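S.K.: 3D, please:
(one chain, ligands or ions: 1)
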Amino acid sequence: MRHLLSMEDLDRDRIETILERAASFAEVSRREIKKVPTLRGQTVVTLFYESSTRTSSSFELAAKRLSADVVSVKAGGSSVDKGESLKDTIETLSAYDPAAIVLRHPYAGSSRMLTEWVDAAVINAGDGMHQHPSQALLDIFTLRNRIGSLEGANIWIVGDVLHSRVARSNIQGFQQMGASVTVAGPPTLIPRGIESTGCEVRYSLDEIDSADVLYLLRMQRERMGENFVPSIREYARLFQMNTRRLGPRQLVMHPGPVNRGVEISSDVIDSDQTLISEQVASGLVVRMAILYELLTGRERTGNGSAPDDPVPIGEPA
Ligand code: CP
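M.R.: Purely as a prediction, here's the structure:
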């Protein structure tokens with residue numbers, strides 16, 4: 001695997017390899033010394049053109065736990081504010097000879113475009129409404145830890161599917177692992193033709209009892225140029241997950257950040273049926289696994305060289 005751009009690029013075997021690696025890093029994370037020397041001498045650049053808390057912090061910490069040097073750039077406050085283009089920004093950061101570049105950018109396809117410009121491994125940390133593959137991987141990892149296998153699980157993805165890169169990645173990822181996926185939301189927030197991805201579509205929560213897992217999506221008001229629902233209050237009345245709707249055996253997931261009281265009620269957020277905290281914790285070890293899979297034993301054509309024989313992950317740094 002040279003880059004991580006889309007869940008479309010990953011077959012089930014590749015997903016299993018990443019999840020197994022993440023499980024071994026979860027074991028390392030329970031030790032007193034949580035750091036391993038695997039990426040010593042390599043540089044990881046994280047470059048975020050959109051807001052992020054979870055993805056940016058977990059990729060940074062993942063790279064540090066693997067002993068890489070990390071350069072973290074947020075577009076706001078950088079020379080992007082002075083008009084520097086993405087290409088020039090990448091050229092500038094490439095002078096540090098990064099082994100990997102983690103990019104979040106508002107334009108779909110931006111990460112794939114980057115692969116044409118750099119030697120580094122490129123990781124898509126969210127490109128517009130297109131893909132967020134590391135989120136899908138951490139969600140699969142989290143759910144497997146709770147229910148053992150996704151084979152035959154009935155997963156409903158509820159809310160603003162139209163603007164959601166998470167939904168697009170997770171539909172593919174959950175299906176790859178044997179789950180059946182239903183998307184539900186107001187007609188204005190369900191992309192036309194989404195059935196072609198193999199999922200079912202519902203425009204209400206009338207049949208929500210059949211779901212094993214409810215994966216809730218944030219209303220992405222920052223991507224809405226017009227009103228997609230009559231009002232947030234009306235949306236919450238029809239689609240909010242609350243204790244009145246949640247069945248006792250159902251699990252709740254959300255990629256974060258949540259809009260409390262909109263797509264999810266506070267008591268559901270705090271319920272032990274909700275996996276949100278586990279998702280955040282999984283983000284660290286899954287992103288360590290992604291960096292490991294991309295960077296160890298990798299032939300590089302730039303000035304730097306990846307180790308042919310990576311240091312075993314069991315050895316502390
Ligand atoms: N889920 C997710 O991508 O969260 P952040 O925007 O905080 O990174």
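
S.K.: CA only for contacts and neighbour counts going forward, please
M.R.: Fine.

S.K.: ok now stretch 204-214, how far from the chain's centre?
M.R.: On the basis of C-alpha atoms, centre = their mean, to the nearest Å, stretch 204-214 sits 23 Å off its chain's mean C-alpha point.

S.K.: what does it rub up against?
M.R.: 153-158, 184-186, 238-239, 247, 249-253 (C-alpha atoms under 8 Å, 6 or more residues apart in numbering).

S.K.: Of the residues you listed, which belong to strands?
M.R.: 154-158, 184, 251-253 (DSSP state E).

S.K.: looking at those residues, which has the most residues close by?
M.R.: Highest neighbour count within these: residue 158, with 29 neighbours (other C-alpha atoms under 10 Å).

S.K.: so who does the nearest residue to residue 128 once chain neighbours are set aside touch?
M.R.: Excluding its sequence neighbours, the residue lying closest to residue 128 (C-alpha to C-alpha, 6 or more residues apart in numbering) is residue 106, at 4.1 Å. By C-alpha under 8 Å, 6+ apart, the contact set of residue 106 is 49-50, 126-129.

S.K.: out of those residues, which are buried?
M.R.: 49, 126-129 (16 or more other C-alpha atoms under 10 Å).

S.K.: pLDDT at residue 221, what is it?
M.R.: You'll see residue 221 listed with a pLDDT of 74.

S.K.: how close does it get to the ligand?
M.R.: Per C-alpha to the nearest ligand atom, to the nearest Å, residue 221 is found 14 Å from the ligand.

S.K.: try residue 212
M.R.: From residue 212 over to the ligand (counting by C-alpha to the nearest ligand atom), the distance is 21 Å.

S.K.: cool, and residue 51?
M.R.: For residue 51 relative to the ligand (C-alpha to the nearest ligand atom), the value is 6 Å.

S.K.: Report how many residues lie close to that residue.
M.R.: 13.

S.K.: Backbone dihedrals for it, please?
M.R.: phi -60, psi 150 (degrees, to the nearest 10).

S.K.: give the contact list for it.
M.R.: Residue 51 touches nothing, counting by C-alpha under 8 Å, 6+ apart.

S.K.: And it, what's its pLDDT?
M.R.: So residue 51 comes in at 96 (pLDDT).

S.K.: ditto for residue 228
M.R.: Reported pLDDT for residue 228: 83.

S.K.: May I have the phi/psi pair for the residue nearest to it when sequence neighbours are not counted?
M.R.: Nearest residue to residue 228 in three dimensions, chain neighbours excluded: residue 188, at 5.8 Å (C-alpha to C-alpha, 6+ apart). The phi/psi pair for residue 188 (degrees, to the nearest 10) reads phi -70, psi -20.
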